[in-house]
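Asker: Sequence and predicted structure are below.
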Amino acid sequence: MTENGRRIDTLEMRGIVKRFPGVLAVDHLDFDVQAGEIHALLGENGAGKSTLMKMLYGLYQPDEGSILINGRETRIRSPQDAIAQGVGMVHQHFMLVPSLTVTENTALGIPSKWQLDLKSIARGLDELSEKYNLKVNPNLPIWQLSVGEQQRVEILRALYKGAALLILDEPTAVLTPQEVDDLFRILHRMTDDGRSIIFISHKLHEVLSISQRITVLRAGRRVDTIPTTAATKPLLAEMMVGRPVVFEYARRATQVSSERLRLDRVSALSNRGELGLKEVSLTLHGGEITGVAGVSGNGQSELAQVIAGLRAIKSGTITLDDTDVTGKSPRQRHEAGISYIPEERMLDGAIKEFTVAENYILQDHARPPFNRGGLLNLRAIREACERAVKDYEIKTPTTDTPIKSLSGGNIQKLILARELSRSPRLLIAAQPTRGVDVGATEYIHRRLLEERANGTAILLISEDLDEIFALSDRIAVMYEGRIVGVLPRESVTLRQVGQMMAGAAMDAV
Amino acid sequence: MIEQVFTASVFAAALRLATPYMFASIGEMFGQRSGVLNLGVDGIMLMGAFFAHYVALMTGSAVLGVGAALLVGALLGLATAFVSVTLKAEQGISGIGMYLFGLGMSELLFQRLVGTPRSVEGFSAIYIPLLSDIQFLGIGEIFFRHNILVYVAFALVPISAYIINRTPFGLMIRAVGQNPQAADAMGINVARVRYMTVILGSMLAGLAGAALSVALLKVFQQNLTSGLGFIAVALVYFGRWRPVGIMIGALLFSFVNALQLQISAIGLNIPSEFAVMAPYVITIIALVFASRQTEKPDALTKPFERGE
């Protein structure tokens, strides 16, 4: 039972349809939640999970179908309606105003008179955070809080507004394993109180460990709803993708070569003007994948950019194959054999408006055969790109299609094709499968392992610990701009890496 | 000579000259805090100035003139909000359009309806009892012998600061200007908040025009504001989107203006062009050095679109 007496015993969505220009995003979908239940909504990117939930939260209107709360048909026209009905949502990108305090963010949208009564809100937040063990200082501005704390603020705020049903959109994407455990405990406490939770995710093991029922979506349709006790990882993956999926990759032992890249006490500023990298030293070898684990914003992006030459360093040296490349430009480094898959695919990896072929030759446009007497050799470009499209199984109508109309997975495959086309000595792969569907992820993983077998040194930066553990030979953990430890994968557990990501020293774990 | 320049009447003039800046700039601040840049302030001021003057001329009532200016400001604010918020037009360009409209339209109406510059009686100075008699440092003359709009302008500083920082409306304005997506998700109508701030800001711009045409100069002529509205926009940046900062900027500016008038009045041998330039040069320098833009609303000039 919630504080103000609102209670959602059942919530049903019936025959929901949502069309966007040119896409049927949600196709006659049925979905329901019961009080006290954690219902997981599973599916790949673009399967319609977020769209469905945004309709429940009033951000979109369904074109067809109805929503029933406690058996009564209810129209939810706006988030305000949703909140009034007892529906709360924690969005994937947090809906908080950074310059405002926790209390002020909670006050947003609460109807009141002339004077803001922040004190009573702060009191209410304190009570709730006591009850659910959600520790946050209500008087701090959001920008001073960690990502995990911001998530707690979001949950707290929804509870304060009387959410009897809470939608969590990919809540674990930004958390360390320990924070995930904490979150799960909080969610259980909420369902014990008769609240219900819709848990959106694409991580199978999380869904299996927290939910009572699982609904799998694919391409806007419901594949099935099953009790979690009847679910297994391979079964869910097959439901999601539509074909069996490989989880364990065959990793052949490779010949690890001598030192390929050496970072020696490298420091660099972050975008915020603070020291984002602090005296980082790291050695990479050919034929080896070094995974970099860490909570987002602990220096991983800066590390990748420093090696690629996209961020100036304050001190230290970078050596590739015994030549000092510290002062070299990005282009010179590229020519020396450093390839880079940037984490912001559409920002740093490709030019949205350019075609697939133009994006494919972004780095090589000035070189033969693509350059002939100062002119672009369109035929050579098309032929090379068509080969890449075929080799990498990129789904695109033509090579002249603007890249922005491709899916995330296909864009990433094209970037991979481009970066591997020159047989690099070193490949930096920053979040190579973020926002990429399971099928393309599997493909990219296999390609990375092939590159490893070819003797390339690979630096894999990922926030997905499963990915790090599936591919890496060594795992480096970053915390607050430092590498707090580099360990062989065999000698470390997921839990230990998680503790180091949260700041524990290597010898303490 | 120093005594000749820095007289009590110069300080008093500075306070008077600051009023149009403060009205226009505080009004502009409301729009900007909610994420809308209104570059048409100067045009709206001109329209407000004309209508205030014309109505005062016809009816003999400066109060009715101010009412007309507020009304015209609200209408032009509605138009600005429609273009910027509903049609999501590029705010810099549409603002210039509004400026040129106000410039041309006020001139046309003036030519058709009035013809030659005529002065109105307008608002006269209100001497605050007792306080206006204080001789010490000329305090009486500097602070307590002004027309009603001067007092209103300075009262607006704490009032607007209170609205922005302490009321639910102010909280909505800040949220919409910093993160409209978040405000939307919390059930705040982003478009409505922006309409309200733009209309309020434009009403204050109209009032700024009235302050010129029925209180300060008491005449209307072509391009009466001569770009004052653009300075008002700059003052919002200078003042870091805070009413007190804006007031300090406006006073700095108007003080240099008043000095310049005094210098030419007593016939000092300084080319008056230097004095005319000075405030603008000061503004540019101040803006360059005050480039710590942490206060700037993140969503400034960005139209709001729901969903990904």
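Answerer: It's in. Since the model is a prediction, treat every value here as computed from it, not as a measurement.
Asker: Report pLDDT for residue 288.
Answerer: Just going to use chain A. With respect to pLDDT, A:E288 scores 93.
Asker: was after chain B, sorry
Answerer: 74.
Asker: cool, B:P279 as well?
Answerer: Value for B:P279, per-residue pLDDT: 67.
Asker: now do A:L275
Answerer: 89.
Asker: Surely it is in contact with A:G481?
Answerer: Yes. The pair A:L275 / A:G481 is scored as a contact, 6.0 Å apart, by C-beta atoms under 8 Å. C-beta: built from backbone N, CA, C; applies to glycine.
Asker: Among these two, which residue is more densely surrounded?
Answerer: A:G481 (22 against 17; other C-beta atoms under 10 Å in any protein chain shown).
Asker: Quick check: closest non-adjacent residue to A:H93.
Answerer: Spatially, and ignoring its direct neighbours in sequence, A:H93 is nearest to B:Q181 (7.6 Å; C-beta to C-beta, 6 or more residues apart in numbering or on different chains).
Asker: Shouldn't that neighbour be within a helix?
Answerer: Yes. Counting by DSSP: H, G, I helix; E, B strand; the rest coil, B:Q181 is part of a helix.
Asker: show me what contacts it?
Answerer: The contact partners of B:Q181, taken as C-beta atoms under 8 Å, 6 or more residues apart in numbering or on different chains, are A:H93, A:M95, B:F304, B:R306.
Asker: And these, which is closest to A:A250?
Answerer: A:H93 (36.9 Å; C-beta to C-beta).
Asker: name the element that closest one belongs to?
Answerer: Under the criterion DSSP states H and E, no helix or strand holds A:H93.
Asker: ok, it - how many residues close by?
Answerer: Neighbours around A:H93, by other C-beta under 10 Å: 13.
Asker: Now do it, the pLDDT please.
Answerer: Reported pLDDT for A:H93: 83.
Asker: quick one: low-confidence parts of the stretch 201-350 of chain A?
Answerer: Across the stretch 201-350 of chain A, the ranges flagged by pLDDT under 70 are A:247.
Asker: And the strands in it, which stretches?
Answerer: Per DSSP state E, counting those that start in this stretch, the stretch 201-350 of chain A carries strands over the ranges A:213-218, A:221-227, A:259-269, A:275-285, A:288-293, A:315-320, A:323-324, A:338-341.
Asker: Verify the stated contact: B:A286 with B:F238.
Answerer: Yes. Using C-beta under 8 Å, B:A286 is in contact with B:F238, at 5.5 Å.
Asker: what is in contact with those two at once?
Answerer: Joint contacts of B:A286 and B:F238 (C-beta under 8 Å, 6+ apart) are B:G249.
Asker: So the two - more neighbours on which side?
Answerer: Legend: neighbour count by other C-beta under 10 Å for B:A286 and B:F238, higher for B:F238 (22 against 16).
Asker: Could you pull up the residues touching that one?
Answerer: B:G245, B:I246, B:G249, B:T283, B:A286, B:L287, B:A290 are the contacts of B:F238 under C-beta under 8 Å, 6+ apart.
Asker: Just the buried subset of these, written out for ChimeraX, thanks.
Answerer: If you want just the buried ones from these in ChimeraX, going by 16 or more other C-beta atoms under 10 Å in any protein chain shown, the selection is:
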select /B:245,246,249,283,286
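Asker: can I get the contacts of B:F238 in a markdown table with distance to chain A?
Answerer: Output for those, formatted as a markdown table (distance: C-beta to the nearest C-beta, whole Å):
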| residue | distance to chain A |
| --- | --- |
| B:G245 | 16 |
| B:I246 | 19 |
| B:G249 | 22 |
| B:T283 | 26 |
| B:A286 | 22 |
| B:L287 | 21 |
| B:A290 | 17 |
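Asker: Now do the strands in the stretch 51-200 of chain B.
Answerer: B:126-127, B:145-146.
Asker: what helices or strands is the last one leaning on?
Answerer: With contacts defined as 3 or more C-beta pairs under 8 Å, 6 or more residues apart in numbering or on different chains; DSSP states H and E, the secondary structure elements packing on strand B:145-146 are helix B:8-33, strand B:126-127.
Asker: Quick check: the residue of the stretch 351-500 of chain A nearest chain B.
Answerer: Nearest to chain B in the stretch 351-500 of chain A, going by C-beta to the nearest C-beta, is A:G435, at a distance of 11.5 Å.
Asker: For the strands of the stretch 201-350 of chain A, give me JSON lines that also has distance to chain B.
Answerer: Putting the strands of the stretch 201-350 of chain A into JSON lines (distance: least, C-beta to the nearest C-beta, whole Å) gives the following:
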{"stretch": "strand A:213-218", "distance to chain B": "17"}
{"stretch": "strand A:221-227", "distance to chain B": "21"}
{"stretch": "strand A:259-269", "distance to chain B": "17"}
{"stretch": "strand A:275-285", "distance to chain B": "19"}
{"stretch": "strand A:288-293", "distance to chain B": "28"}
{"stretch": "strand A:315-320", "distance to chain B": "27"}
{"stretch": "strand A:323-324", "distance to chain B": "36"}
{"stretch": "strand A:338-341", "distance to chain B": "23"}
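Asker: and of the ones you listed, who's closest to A:K131?
Answerer: strand A:213-218 (26.1 Å).
Asker: Can I get that closest one in CSV, CA atoms only?
Answerer: Once non-C-alpha atoms are left out, strand A:213-218 reads as follows in CSV (Å, rounded to 0.1, in the frame of the first residue of the first chain):
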residue,chain,number,x,y,z
ARG,A,213,7.6,-13.1,-15.2
ILE,A,214,9.4,-12.2,-18.4
THR,A,215,7.8,-10.8,-21.6
VAL,A,216,10.0,-10.9,-24.6
LEU,A,217,9.5,-8.4,-27.5
ARG,A,218,10.9,-8.7,-31.0
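Asker: and the residue lying closest to A:S462 once chain neighbours are set aside, what element?
Answerer: Of all residues not flanking A:S462 in the chain, A:I468 sits nearest, at 5.3 Å (C-beta to C-beta, 6+ apart). Taking DSSP H and E as the criterion, A:I468 maps to helix A:465-471.
Asker: Remind me what the helix or strand hosting A:N105 packs against, helices and strands.
Answerer: Secondary structure from DSSP H and E places A:N105 in helix A:102-107. Helix A:102-107 sits against helix A:118-132, helix A:147-160, helix B:168-178, with contacts defined as 3+ C-beta pairs under 8 Å, 6+ apart.
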